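> Based on what follows, work out the 3D shape:
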Amino acid sequence: MRMRALAAALLVAVVAGCGAGEHPVEPAPSTSATVTPSLPTVTPPKPQARAIALSHLPANLRARVPQFAPAPPATTKVQLPTDGTAGWFSRIPTDQKVAFITIDDGWVKHPLALPLFQAADVPVTLFLQTNAIRSDPQYFAKLQAAGATIENHTITHPNLEGRSYAAQKREICGGADQLAGFYGRRPVLFRPPFGNHDRTTLKASHDCGMKAAFFWKETTNKGKVRFQEGPGVKPGDIILMHFRDRFPDDFTAVLQAIHKAGLTPAKLEDYIP
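The predicted structure follows:
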């Protein structure tokens, strides 16, 4: 009898061990887009990786992803305040032919974002709101592995302007701390919700370890880029996107606008001391 019980226990342990080693299947996001493609786990050389990523995109998207040369090394850094506040920028002052793609929030987790990032192979900065990503933080870990940099966009997305120092610090420090727990790196850049801020925002940002906070020069929605200062992306412009239902249209519209201007997407973090 004891031998039978021991054999049964061993069988249960083996079955449990197999189950623990498997990756659970994540439910598909609630979107009408194509289901998440199965991309290779081994990273091939970049030209081959781009071709593979393009092959996983719908045919109508492939031609809308321009190819860029690598961004030039950052030759200058912005000047940050020395008065205990974070810097504030809507454009990076540079003569280099670069622009910066930034994407906010994280509510919509579009299945084509990963192959689009891999096909475009350009730097992207994600300003993530922790309440928005909590349902599937692994989704953004995959984007991080594809080259995106994750920065801070608060916990609950409040309008910070006019709030107390304690309230603003709680949102900014808390967002940075949670993102560090999710992704192994504590953010050093910040975007206030709606772009609204006051001096208290910049003071709290600095005290939470944020070097700079950002506005933008172009916005994108439903596949259309809107310019604040006349047509065309200018060198150093910061472009705002969101994780929305029409993410492929927005992302390719931004890529095309940068390409049409003769610019290259660059890494925002490289220009911050």
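> Give me the contact list for the longest strand anywhere in the chain.
Of all the elements of type strand in the chain, the one with the most residues (DSSP state E) is strand 98-105. Strand 98-105 is contacted from outside by 71-72, 92, 122-129, 132, 153, 157, 191, 214, 216, 233-243, 254, 258, 261, 263-268, using Cβ atoms under 8 Å, 6 or more residues apart in numbering. Yep, even glycine has a C-beta here, placed from its N, CA and C like the rest.
> Please check these and keep the buried ones.
The neighbour-count criterion (16 or more other Cβ atoms under 10 Å) marks 71, 92, 122-129, 132, 153, 157, 191, 214, 216, 233-243, 254, 258, 261, 263-268 among the contacts of strand 98-105 as buried.
> Pretty sure F243 is one of the things V108 touches, is it not?
Yes - taking Cβ atoms under 8 Å as the definition, V108 is a contact partner of F243 at 4.7 Å.
> Return the residues in contact with the spatially most central residue of the chain.
The geometric centre of the chain, computed from its C-alpha atoms, lies nearest to L126 (Cα atoms, centre = their mean), at 2.3 Å. For L126, the residues meeting the contact criterion (Cβ under 8 Å, 6+ apart) are T102, I103, D104, G106, F140, L143, Q144, A148, T149, I150, E151.
> and which of those is nearest to D250?
The shortest gap between D250 and any of the contacts of L126 belongs to I103, at 8.7 Å (Cβ to Cβ).
> re the thing from before, could you list which of the contacts of strand 98-105 belong to helices?
Per DSSP state H, helices hold the following members of the contacts of strand 98-105: A132, V254, I258.
> Pipe those into JSON lines and attach pLDDT and distance to I52 per row.
JSON lines is the format used below for the ones in helices among the contacts of strand 98-105 (pLDDT from 0 to 100; distance: Cβ to Cβ, whole Å):
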{"residue": "A132", "pLDDT": "98", "distance to I52": "29"}
{"residue": "V254", "pLDDT": "98", "distance to I52": "22"}
{"residue": "I258", "pLDDT": "98", "distance to I52": "23"}
